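Colleague: Generate a structure from the sequence data that follows.
(2 chains)
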Amino acid sequence: MTIASYIFGVFSALLTLGVVIEMLRRRRLRERHAVWWLVAGTLALIIGVFPTTLIWAANLVGVAIPLNLVFFVSLAVLFLVCIQHSTELTALEAKTQALAETAALQELRIEALEVQLRQSHSAS
Amino acid sequence: MLPAFNEEESVRKVVLEVFAKLPGVTCLVVNDGSRDATIAEAVCAGALVARLPFNLGVGGAMRVGFRYALDHGFDNVVQVDSDGQHDPAGVVALVAALDSADLVLGARFAGEGDYSVSGPRKWAMVLLSSFLSRTAHTRLTDTTSGFRASGPRAVRLFAEHYPAEYLGDTIESLVIAARAKCVIVQVPVAMRPRAGGVPSHHPIKAAAYLGRACLALVFALMRPPVTLAEITESA
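Modeller: Predicted structure coming up:
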């Protein structure tokens, strides 16, 4: 590995982590959405600083080519993030629907009240 | 109750017919985010109109109706399509059957009137019927009928648990009701061709319908059942 690729690896990991942390700091990202990105960034940083850990980990789980472990873990992280987004989307849809229903029902109530009010006004 | 999405051509006629044939009922039109004159037409005919701010699908519209019924102390809810397919005169028979059941389906193929479908859509209906009949412990021939009456127990159940997904309004709602130990029966009703709007009879669409219907059924059966006791506790 050249010194340039080493620096590039560490720099990329730091950049990822930096962006995620800055977003968290500005409250543009909630913690529970950031967890997976933080995990991925930290792993990338560890591997970037100590490349031998990747080879050690690959040996540990029996992956012949260490790079394949990187691909596998990356895909796994992306997969988990996608699943999390889908479930949150579903929850949001359910909430929006409940709100829309409530809005429609309240509009009906307001209308009924307005009619009552008008009647009591004209009666008095 | 009439769920309506872009039914400006027919909704007024249906509402007027409901009032003419069923004096004394409260008629609630749930406008499911229509962009045409559905609201104006329904108001014109003298119906109560609930306005959903955007399209939620039949399931969402139905839940508005059930919640309204629950809030205002109505015992029974009858769902009538606003495209004029259902004859409001049939409501009497449906409500009469509620005496001994919680959910009454107005079935199209049970003898009365002439209504037929063919191709994948028919297979879907036959398949669904046989499965759902087993789940509901009664013979159902027309499970996708949108003409149904719900008694107090079913209203309570559906106000909270009416499914919003595609086809959930017909298939999954039956599964939910059956598993909550609601008694389901069917009553033959006559169907008319639609007063307005276009029916969907494209073969590819019909095949997609079959697939989605099966999927909806499988997931409905896989979900944990809801019981009525649970609802009373949370209410």
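Colleague: So which elements touch the helix or strand containing residue A:87?
Modeller: For residue A:87, the host element (DSSP states H and E) is helix A:66-123. Packing partners of helix A:66-123 (3 or more Cβ pairs under 8 Å, 6 or more residues apart in numbering or on different chains; DSSP states H and E): helix A:31-49, helix A:52-61, strand B:48-52, helix B:58-71. In short, each C-beta sits where N, CA and C put it, glycine included.
Colleague: For residue B:105, which three-state class applies?
Modeller: The three-state label given to residue B:105 by DSSP: H, G, I helix; E, B strand; the rest coil is strand.
Colleague: Was I right to think it contacts residue B:142?
Modeller: Yes: the criterion here is Cβ atoms under 8 Å, and residue B:105 meets it with residue B:142 at 6.6 Å.
Colleague: Let me see the backbone angles for the residue nearest to the spatial centre of chain B.
Modeller: Chain B has residue B:146 as the residue nearest its centroid, 3.4 Å off, counting by Cα atoms, centre = their mean. Here is the backbone geometry of residue B:146 (degrees, to the nearest 10): phi -100, psi 10.
Colleague: Over to residue B:54?
Modeller: Reported as degrees, to the nearest 10, the phi and psi values for residue B:54 are phi -150, psi 170.
Colleague: what's the burial count for the closest residue to it other than its chain neighbours?
Modeller: Closest residue in space to residue B:54, ignoring its immediate chain neighbours: residue B:33 at 4.4 Å, by Cβ to Cβ, 6 or more residues apart in numbering or on different chains. Using other Cβ atoms under 10 Å in any protein chain shown, residue B:33 is surrounded by 19 other residues.
Colleague: Next, give phi and psi for residue B:33.
Modeller: Backbone torsions of residue B:33, given as degrees, to the nearest 10, read phi 70, psi 30.
Colleague: Would you mind confirming that it makes contact with residue B:57?
Modeller: No: between residue B:33 and residue B:57 there is no contact under Cβ under 8 Å: 9.6 Å.
Colleague: ok, the closest residue to chain A within chain B to residue A:7 distance?
Modeller: At 4.4 Å from chain A, residue B:50 is the closest residue in chain B, using Cβ to the nearest Cβ. According to Cβ to Cβ, to the nearest Å, residue B:50 stands 63 Å off from residue A:7.
Colleague: Understood, closing this out.
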